[in-house]
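Asks: Fold the following.
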Amino acid sequence: MSGGSLFGPPIPYNVTWQPGGMLGDTISGLCLGTYTVTIVDNNSCTLVDSVTLTGPAIFNVSALSTAPTCPGLIDGSAYAISTGGTMPYFLNWSNSATGDSITGLDTISNLIVMATDNNGCTATDTVNVNPANPFFLTLSATNSTCSTSTGSISSTTTGGVAPYNYLWNTGDITTSISSVPSGQYFLQVYDVNGCYASEVAIINDNGGAVISLNSITDVTCPGASNGAVDVSISGGALPYTIEWSTGANTEDISGVSGSSYDLVVTDNNGCITSYIATVTEPADIYIAEGFVASGCGFSNGRADAIVSGGTAPYTYMWDATAGNQTTASAFNVSSGIYKVIVTDNNACIDSAFISVADTTGPSVDIDSTQDAGCILNGGAGAVWITATGDGPFTYLWNNGATTEDVNSLGIGIFGVVVTDTNGCKAGASTYIRGLRPGTAQICLATVDTSNNHNIIYWNDTVTGVALYEIFRETSVPNQYNQIATIQAGTANMFEDSVANAGNKPWRYRIKATDSCGIESYYSVSHKPIHLVVATGVGNSADLSWDQYQGVSYTHYYIHRYHFTTGWVLVDSIPFGSPTAYNDPAGLLPADSNYYLIEVDANVTCGESRVLVNTSRSNIRNQAAGPTLAINDPADENNFTVFPNPSKNEFNIKFGQQGKYVLKVYDARGRLVSDENAFVNAKAVTQIKSADWAQGVYFLQVICPDGKAKNFKLIKQ
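Replies: Numbers count the residues shown, from 1 in each chain. This is a model prediction of the structure:
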């Protein structure tokens with residue numbers, strides 16, 4: 001061979017280039033590297049030679065990553081450095097991101113980046129986004145005796161970076177607490193970098209009810225909600241008050257997913273017994289591929305389904321081309337791709353495609369894939385492969401395509417059988433996942449101070465979303481239960497009527513699901529502020545609270561309520577200061593002063609149906625117990641507010657006569673209405689709201705005895 005020309009009889013010549021199996025005297029559009037040419041003349045004489053193309057430095061890409069800052073945070077990153085080749089570079093990641101860096105990542109294994117230079121040359125690399133450094137907290141509790149405060153809890157903190165800051169839901173800031181009554185206690189710990197750990201401990205009353213576990217029915221398949229917990233309650237004094245963290249008030253619960261569930265039983269003497277039940281779910285079924293090659297043109301190969309996960313034993317069903325065999329291996333098969341359906345002992349089902357190659361057949365590698373958009377909106381998936389061996393090759397995909405690479409794919413499994421020039425075959429298959437919808441983010445979480453319920457607001461402007469799922473953290477740190485499903489376009493607010501914000505802080509997160517059932521990544525977790533108030537020196541009020549988690553803010557605003565003054569701003573302290581404050585200036589009687597902490601978060605919630613940009617804590621006073629809210633539920637029947645929601649007016653029906661003060665505040669705490677009402681029993685007073693903006697408002701009714709009642713109003 002000289003100058004790319006062929007000489008010498010006999011002709012014609014068969015010229016094949018590798019890699020790629022290209023034909024002809026001349027090939028072009030090449031990247032740097034070594035190419036081997038095989039020339040066969042009409043007498044089957046063979047000549048082999050090679051050439052190395054040089055030029056710019058060899059094109060290469062290196063991927064690096066940064067782990068999330070703290071456990072539970074989704075702020076990891078990955079970035080790629082491309083060298084050589086010809087600029088500009090174009091980078092695509094296996095999670096469908098583009099560009100030389102991606103942020104907002106959770107832990108990811110085998111994240112692939114494919115870089116393409118201006119000549120179309122490609123390079124790939126794989127990187128893992130590792131978990132954050134662990135940060136652990138363990139608690140050890142000693143029970144109390146009924147009607148006494150003799151319980152105690154000690155803590156042990158490991159990991160993170162010392163020193164640590166401690167905050168109990170009692171207001172204590174020490175590593176342990178003592179002389180406390182029965183109940184659930186919550187400890188939050190921050191390390192010097194702001195990483196967060198939390199744990200719940202239970203102090204039961206000796207002499208109270210006894211909770212005995214009869215059985216736990218675990219979830220049968222991943223994602224199912226058919227678990228159950230069966231307990232028996234005995235001892236103590238009847239009747240019992242039963243409260244599950246699901247909101248159920250029955251002795252047993254069913255229809256639950258794999259997670260942990262809290263049970264609190266209070267007997268007629270007020271003695272408390274708590275229990276945490278854990279329902280598990282099996283791991284996903286995973287089918288690994290194995291095979292024994294067949295002879296070219298023979299049916300003496302074997303396809304192997306290597307199964308893990310799920311619940312053994314498994315049953316197998318191979319497709320008709322594999323003879324409908326029912327064992328883990330399909331015997332006496334020729335080269336090709338075979339489908340196997342695996343069913344575990346709980347009737348959970350998964351399937352896979354297994355490829356069998358000929359012993360002298362080509363080698364087929366899947367270079368990269370691209371996820372598909374929701375199938376209802378058209379496919380955007382793609383698969384790129386490389387075949388090596390005796391070319392030229394022919395290609396046959398299971399969707400009928402005959403090209404080397406395929407695109408415009410929907411969600412599903414796509415396989416290709418590659419046949420070489422000798423008729424020998426090999427195959428490969430891959431699953432094209434649905435492209436995840438954008439991650440909806442919580443804008444703000446706050447406490448509805450009228451009822452101690454947490455409210456979560458989120459950005460509902462992510463396109464292609466069918467519904468939003470709301471999750472609340474359980475007593476097990478970083479374990480979340482789904483508590484609600486909201487259809488997209490109907491609301492961007494959820495009120496959690498089960499969790500009591502006066503008892504402990506609660507964390508929430510959400511994720512979006514498109515019409516194909518493809519789920520987004522979880523949002524960043526948000527946790528409203530939890531406030532505890534104790535009596536200080538000289539009847540002053542000692543306030544302590546935890547940090548808001550989820551957004552940045554600059555100050556804490558301390559508000560105090562007294563029936564003679566209403567709500568007033570007492571002080572503000574900058575973020576980063578100790579989350580504690582002493583108020584010596586409360587009015588008498590001391591237990592008539594109520595407090596809340598507010599942060600002014602500068603957030604935008606898209607086209608929010610409810611406008612709010614401040615987050616409030618629960619309301620507490622010096623006399624409040626761990627679960628006491630400002631309202632006395634028994635007194636709420638003295639008032640009726642209707643209609644609610646309303647467009648133009650709200651009617652208030654009073655149960656007792658006297659002078660009442662009616663104050664209405666908007667979601668930012670601004671006074672929008674202030675009226676006096678002199679009423680007889682059963683009288684009705686009307687508050688006009690036609691000129692109010694749509695959103696949430698808070699009605700404060702100050703009674704003739706100076707006590708305050710609070711109601712939430714929704715202006716349509």
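Asks: contacts, neighbours, all on C-alpha from now
Replies: Fine.
Asks: quick one: which helix or strand includes the closest residue to residue 671 other than its chain neighbours?
Replies: Using Cα to Cα, 6 or more residues apart in numbering and skipping residues adjacent in sequence, the residue nearest residue 671 is residue 665, 4.5 Å away. Taking DSSP states H and E as the criterion, the element that holds residue 665 is strand 658-666.
Asks: So which elements touch that strand?
Replies: Judged by 3 or more Cα pairs under 8 Å, 6 or more residues apart in numbering; DSSP states H and E, strand 658-666 is in contact with strand 671-679, strand 695-702.
Asks: got a list of what the residue nearest to residue 671 touches?
Replies: If a contact means Cα atoms under 8 Å, 6 or more residues apart in numbering, then residue 665 has 671, 672, 673, 697, 698, 699 as its contacts.
Asks: can you redo these as JSON lines with neighbour count and pLDDT?
Replies: Shown next, in JSON lines, are the contacts of residue 665 (neighbours: other Cα atoms under 10 Å; pLDDT from 0 to 100):
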{"residue": "671", "neighbour count": "15", "pLDDT": "76"}
{"residue": "672", "neighbour count": "13", "pLDDT": "83"}
{"residue": "673", "neighbour count": "15", "pLDDT": "85"}
{"residue": "697", "neighbour count": "22", "pLDDT": "77"}
{"residue": "698", "neighbour count": "21", "pLDDT": "76"}
{"residue": "699", "neighbour count": "20", "pLDDT": "83"}
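Asks: returning to what we had before: how far off strand 671-679 does the strand holding residue 665 point, in degrees?
Replies: With axes from the mean of the first three to the mean of the last three Cα atoms, to 10 degrees as the basis, strand 658-666 and strand 671-679 are set at 160 degrees to each other.
Asks: Buried ones in strand 658-666, by neighbour count?
Replies: For strand 658-666, the buried set under the neighbour-count rule, 16 or more other Cα atoms under 10 Å, comprises 660, 661, 662, 663, 664, 665, 666.
Asks: quick one: it to strand 695-702, angle?
Replies: Here strand 658-666 runs at 150 degrees with respect to strand 695-702, directions being taken by the same axes, to 10 degrees.
Asks: So, low pLDDT: which residues of the stretch 51-200 of the chain?
Replies: Under the criterion pLDDT under 70, no range of the stretch 51-200 of the chain is flagged.
Asks: Quick one: the strands in the stretch 551-700 of the chain, in order.
Replies: Residue ranges of the strands in the stretch 551-700 of the chain, as given by DSSP state E, counting those that start in this stretch, are 555-562, 566-574, 580-583, 594-600, 614-616, 620-621, 639-642, 649-654, 658-666, 671-679, 684-688, 695-702.
Asks: ok so, going back, wait, which of the helices and strands packed on strand 658-666 is closest to residue 285?
Replies: Closest to residue 285 of these, according to Cα to Cα: strand 695-702, at 46.4 Å.
Asks: which secondary structure elements does that closest one contact?
Replies: Strand 695-702 sits against strand 658-666, strand 708-715, with contacts defined as 3+ Cα pairs under 8 Å, 6+ apart.
Asks: Identify whichever of those lies nearest to residue 402.
Replies: If we rank these by Cα to Cα, the stretch that ends up nearest is strand 708-715, at 60.3 Å.
Asks: from the chain's centre, how far out does that closest one sit?
Replies: Here the centre of strand 708-715 is set off from its chain's centre by 32 Å, with Cα atoms, centre = their mean, to the nearest Å.
Asks: For the residue nearest to the spatial centre of the chain, which non-adjacent residue is closest in space?
Replies: To find the centre residue of the chain, average its C-alpha atoms and take the closest one (Cα atoms, centre = their mean): that gives residue 522, at 2.7 Å. Nearest residue to residue 522, sequence neighbours excluded (Cα to Cα, 6+ apart): residue 511, at 4.8 Å.
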